[in-house]
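K.L.:
Predicted model follows, preceded by the sequence.
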Amino acid sequence: MATTKVLLNFPWAKNKEHDLKSAKTKEGISELAQKVAKSELREDKEIREQSLMQMREWISKNYDVEDVRIDDGFLLRFLRNKKYSIPMAEQQLLKYLNMRKVMTHLSYNLDFLDPCVKNLFDNGYIVVSPIRDKFGRRTILYSANGLNGIEFKYEDQVRAHFIVLEALIDSQEEQVLGVVHIGDFSGATKEHITIWRNPADLMRLLKWGEQSLPLRHKEIHLHNVSAILKFVVDAGKSVLSSKIRNRFNVHLTTDDMKKSIASVDVLPKEMGGKIPLAEMIQNFKMELATSRSTILALDKMKIINDSGIIGRRNVDKNNNAVSEKSDQVIGSFRRLEID
């Protein structure tokens, strides 16, 4: 575990100079992240402090929300994700609270110790690599082999995803540098698709998730995607923004994927990386244990009225767009259930 800790903190370090650059500065993030924040997010001390002050003042005067966190780390999620556009950050915060309210069954009581969710983590369905890539980013690893489409419900699957994303979003380093997604679908079956009884739920979750969760998704790599999964991937991409679609990469084989990612070291040792999957799982569960109370406390926040969300009049139109995309795959879902 000592080796893992070194890799977690200084994975891209090659010498003492790089070690110093990766150490946390007085700003609370590494020197690397500080440079990225300045160049990509327009962040400096003055802008950060002024923006935090404005966000806190807005929250204090907003009677549509209750018990919203006002600590730096929470508010910076939205400010950094929207590159310090105060109105856009305020809107995303409202959308985040509203998504949690509408999808309470998926986004509340996010306890990684819940038996069904815990089994998904134990099985390696979803885990975050302790090694950062050469750009300092964390990588979320997914494995279809870790999800039994008959034994688990889609609610368990989604809650596991939310837990991971909430844990990462709470890290200021990840707020700035973003994350990479790598999904291995070599063990996927039709049950992994039909677990979603209503395709519209999946499409809506993808769309709302991108708009409401303040996380920078830098790269998405899916490998070993079979023909029966290809239409689901295409349908999912269609409801996402062009920015995210352009970061989507579908690879026929694991070797193809390894040629395209920034650092092979982030992968499990069984796939050519540095650390065995079992050790990755245990390491990440310890991370989740430290953030468990913080994640569970998110349930205290409330949105009383969603009228402050700009564009509410267009919701039906947006939902229809999602439904149209979903209708294109419903027939395929039904055929899979019959086969």
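P.N.:
Happy to help now that I have it.

K.L.:
low pLDDT regions in the stretch 1-150 of the chain?
P.N.:
1-27 (pLDDT under 70).

K.L.:
show me where the chain has strands.
P.N.:
65-66, 126-128, 138-143, 179-184, 217-223, 248-251, 302-303 (DSSP state E).

K.L.:
which other residues reach the longest one?
P.N.:
For strand 217-223, the surrounding residues in contact (Cβ atoms under 8 Å, 6 or more residues apart in numbering) are 135, 137, 177-186, 210, 233, 244, 247-254, 256-257, 260-262. (C-beta placed from N, C-alpha, C; glycine too.)

K.L.:
could you redo the last one with a cut-off of 7 Å?
P.N.:
Strand 217-223 is touched from outside by 137, 178-185, 233, 244, 247-251, 253-254, 256-257, 260-261, with contacts defined as Cβ atoms under 7 Å, 6 or more residues apart in numbering.

K.L.:
Looking at the strands of the chain, which is nearest to Phe74?
P.N.:
Within these, the stretch nearest Phe74 is strand 65-66; the backing value is 12.6 Å (Cβ to Cβ).

K.L.:
Listing partners with orientation, what would you give for that closest one?
P.N.:
strand 302-303 (antiparallel) (DSSP bridges).

K.L.:
Now do the partner strand, average pLDDT.
P.N.:
Average pLDDT, strand 302-303: 98.

K.L.:
Contacts made by that strand with the rest, please.
P.N.:
Asp64, Val65, Glu66, Asp67, Leu94, Leu97, Asn98, Lys101.

K.L.:
Now render these as JSON lines, adding distance to Ile150 and neighbour count.
P.N.:
Listed next are the contacts of strand 302-303 as JSON lines, based on distance: Cβ to Cβ, whole Å; neighbours: other Cβ atoms under 10 Å:
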{"residue": "Asp64", "distance to Ile150": "42", "neighbour count": "15"}
{"residue": "Val65", "distance to Ile150": "40", "neighbour count": "18"}
{"residue": "Glu66", "distance to Ile150": "41", "neighbour count": "13"}
{"residue": "Asp67", "distance to Ile150": "39", "neighbour count": "10"}
{"residue": "Leu94", "distance to Ile150": "38", "neighbour count": "23"}
{"residue": "Leu97", "distance to Ile150": "34", "neighbour count": "22"}
{"residue": "Asn98", "distance to Ile150": "33", "neighbour count": "20"}
{"residue": "Lys101", "distance to Ile150": "31", "neighbour count": "15"}
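
K.L.:
can you redo those residues as TSV with distance to Asn283?
P.N.:
Shown next, in TSV, are these (distance: Cβ to Cβ, whole Å):
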residue	distance to Asn283
Asp64	40
Val65	36
Glu66	36
Asp67	32
Leu94	35
Leu97	31
Asn98	34
Lys101	33
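
K.L.:
so which of the strands of the chain gets nearest Met271?
P.N.:
strand 179-184 (7.7 Å).

K.L.:
I'd like the average pLDDT over that closest one.
P.N.:
Strand 179-184 comes out at a mean pLDDT of 98.

K.L.:
Give me the distance from it to the chain's centre.
P.N.:
10 Å (Cα atoms, centre = their mean, to the nearest Å).

K.L.:
Then stretch 273-281?
P.N.:
For stretch 273-281, the distance to the chain centre is 20 Å (Cα atoms, centre = their mean).

K.L.:
ditto for stretch 181-196
P.N.:
18 Å.

K.L.:
For it, buried residues please.
P.N.:
His181, Ile182, Gly183, Asp184, Phe185, Ala188, Thr189, Lys190, His192, Ile193, Ile195, Trp196 (16 or more other Cβ atoms under 10 Å).

K.L.:
What is the nearest of those residues to Lys118?
P.N.:
For these, the nearest to Lys118 is Ile195 (18.2 Å; Cβ to Cβ).

K.L.:
on that earlier part again, tabulate the buried residues of stretch 181-196 (TSV), appending distance to Gly273.
P.N.:
Shown next, in TSV, are the buried residues of stretch 181-196 (distance: Cβ to Cβ, whole Å):
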residue	distance to Gly273
His181	16
Ile182	10
Gly183	15
Asp184	12
Phe185	18
Ala188	21
Thr189	25
Lys190	29
His192	24
Ile193	28
Ile195	28
Trp196	30
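
K.L.:
Might you report the residue contacts of Thr294?
P.N.:
Asp170 are the contacts of Thr294 under Cβ under 7 Å, 6+ apart.

K.L.:
Return the distance of it relative to Leu93.
P.N.:
Distance, Thr294 to Leu93, using Cβ to Cβ, to the nearest Å: 17 Å.

K.L.:
Please report how far Tyr108 lies from Ser30.
P.N.:
33 Å.

K.L.:
So which of the two has more stuff around it?
P.N.:
Taking other Cβ atoms under 10 Å, Tyr108 and Ser30 do not tie; Ser30 has more neighbours (23 against 15).
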